[in-house]
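Asker: compute the structure for the input listed below.
(one chain, ligands or ions: 1)
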Amino acid sequence: MIKGFLGTTIIDYPGKIASIIFVSGCNFFCPFCYNKSLVIADHIKTQPDISENTILDELLKRKGFIDGIVITGGEALLWPELRDFLSIVKKRTNLLIKLDTNGSLPEKLKSFIDDALLDYIAMDIKTGFSKYSRLCSIKNIDKKIQESMQIIRSSGLPFEWRTTVVPPLFKISDIKEITPFLSSEDVYYFQKMAVIEEEIIDPSILEGLEDVSFTELKTMLKPILKKNVKVSYRGFD
Ligand code: SF4
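Answerer: Numbering: from 1, shown residues only. Next up, the predicted model:
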């Protein structure tokens, strides 16, 4: 269900002016997540629903000004109405569609790509594959994440990987697990964790959390940088 809408962003869809649509519900429980209102059932209930028609009207008002939309969450692919909604958006507005995903639903992701409903994909890589089971109870989640990466890379669409740098979940050992799955064609963003104390899912993660400096991060990322992956940083300068 749609719970939020932001009319204009110039930072969430690379090179484009876009509106953002926030969809509630997630199959992960990332301790550093600051989208409590889109992830925790009791908090989701307190947010009013926004109808698809309302969003469509907002998009049509902005037609000619915005280039596209960003669908984010939560995990938007879990929303059963997403396919119909995006089909209507494409048909009525012809806007570009960027999907933010956690990569947990490779089959669904592929079907959206096959149906030409997506124009750009940003997939989170939360941690090393062997630690994914700490974030959710999805069977074989490590394989599903790898499968999604393969599907995205083969899609021919522009894409990015992105990691929120949270020290307990992002250590050298995690980078070593991820690196073999990257290619020099890939675009990979590393973003600083946003500390929004009242919104964070598991505030205990903040206890003893040490800041990673830009220099430390670049040292950690050596295996990835050696592969000539196109690395960029958000919030580190
Ligand atoms: S960070 Fe993203 S994937 Fe993780 S719980 Fe929050 S919304 Fe879900």
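Asker: center of this protein, which residue is that?
Answerer: Closest residue to the average C-alpha location of the chain: D100 at 3.6 Å, with Cα atoms, centre = their mean.
Asker: is that one in contact with I69, as I believe?
Answerer: No. Taking Cβ atoms under 8 Å as the definition, D100 is not a contact partner of I69, at 11.1 Å. Heads up, the C-betas are built off the backbone N, CA and C, glycines and all.
Asker: which stretches of the chain form helices?
Answerer: 36-39, 41-46, 52-62, 82-93, 106-114, 141-154, 172-178, 214-220, 222-226 (DSSP state H).
Asker: list the buried residues in the longest one.
Answerer: When burial is assessed from 16 or more other Cβ atoms under 10 Å, helix 141-154 yields the following buried residues: I141, K144, I145, Q146, E147, S148, M149, I151, I152, R153.
Asker: so what sits opposite the closest residue to Y189 other than its chain neighbours in the bridge?
Answerer: Counting by Cβ to Cβ, 6 or more residues apart in numbering, R162 is the residue found nearest to Y189 once chain neighbours are left out, at 4.2 Å. For R162, the beta-bridge partners are D124, Y189 (DSSP bridges).
Asker: burial of R162, as a residue count?
Answerer: 17 (other Cβ atoms under 10 Å).
Asker: what residues are up against the residue nearest to the centre of the chain?
Answerer: V70, I71, T72, G73, A76, A122, D124 (Cβ atoms under 8 Å, 6 or more residues apart in numbering).
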